[in-house]
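> sequence below, structure please.
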Amino acid sequence: MLKEEIELFREAIKGAKELKQNTVVAPRGKNLKKKLMIRDVREQEDTLFFFSDEYEPLLNDESAVKYLREGEDKHLLKQLRRGDFSPEIFLDLHGLTREESKAELAALIRACEKEHIYCASIMTGYGTFTLKRQIPRWLVQHPRVRALHQAPKEWGGEAAILILLDT
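As a prediction, this is how the structure comes out:
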């Protein structure tokens, strides 16, 4: 039966030309680092897109800084205020300009997303209160921010903000 199959095969390919491999296929370029850098820059630009300086959310400037995304459990704010969530990552913005702070904030959110971090602490300091007022206004615009609250004393008190993220 094997001989019959071979004969049948030869009959089927009768008149076919033999191919010669005389070309070399170049290996794919190693642009992985460049692609990763471009992707990181695009992700940062995408994240910075959410931080508008003109947007004025309804935040009470006189009381503790707090925000809860629509549809979230109101108990989250109480948990943040009490310190039930421990921040897994800290960002210190002391001495940075508004633009530097905005870029660092975007990088923090991106890092939290990549590392699956749910709670972060942002140290704004006291200073001129510029960052302390602006940081919450930026954060409430980002779709990954579920809630934010002024940190309890053990995580920085009035000079820090705890944020809870979707990741």
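> mind jotting down where the helices sit in this structure?
Chain-ordered helices for the chain, with DSSP state H as the definition, fall at 2-12, 32-48, 75-82, 98-115, 130-139.
> most tightly surrounded among the ones you listed?
Of all these, helix 130-139 carries the top mean neighbour count, a mean of 20, counting by mean count of other Cβ atoms under 10 Å. Quick note: C-beta positions are derived from backbone N, CA and C, even for glycine.
> now for that helix, which elements pack on it?
When contacts are defined as 3 or more Cβ pairs under 8 Å, 6 or more residues apart in numbering; DSSP states H and E, helix 130-139 sits against helix 98-115, strand 145-150, strand 160-165.
> quick check: angle from the first one to strand 160-165?
Direction vectors for helix 98-115 and strand 160-165, defined by axes from the mean of the first three to the mean of the last three Cα atoms, to 10 degrees, enclose an angle of 40 degrees.
> keeping just the C-alphas, turn helix 98-115 into PDB.
Taking Å, rounded to 0.1, in the frame of the first residue of the first chain, the C-alpha atoms of helix 98-115 are listed here in PDB:
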ATOM      1  CA  ARG A  98       2.800  72.200  39.200                       C
ATOM      2  CA  GLU A  99       3.900  70.700  35.900                       C
ATOM      3  CA  GLU A 100       6.400  68.400  37.500                       C
ATOM      4  CA  SER A 101       3.800  67.400  40.100                       C
ATOM      5  CA  LYS A 102       1.300  66.700  37.300                       C
ATOM      6  CA  ALA A 103       3.800  64.400  35.500                       C
ATOM      7  CA  GLU A 104       4.700  62.600  38.800                       C
ATOM      8  CA  LEU A 105       1.000  62.100  39.500                       C
ATOM      9  CA  ALA A 106       0.400  60.600  36.100                       C
ATOM     10  CA  ALA A 107       3.400  58.300  36.600                       C
ATOM     11  CA  LEU A 108       2.100  57.300  40.000                       C
ATOM     12  CA  ILE A 109      -1.300  56.300  38.600                       C
ATOM     13  CA  ARG A 110       0.400  54.400  35.700                       C
ATOM     14  CA  ALA A 111       2.700  52.600  38.200                       C
ATOM     15  CA  CYS A 112      -0.300  51.700  40.400                       C
ATOM     16  CA  GLU A 113      -2.100  50.300  37.400                       C
ATOM     17  CA  LYS A 114       0.900  48.200  36.200                       C
ATOM     18  CA  GLU A 115       1.700  46.900  39.700                       C
END
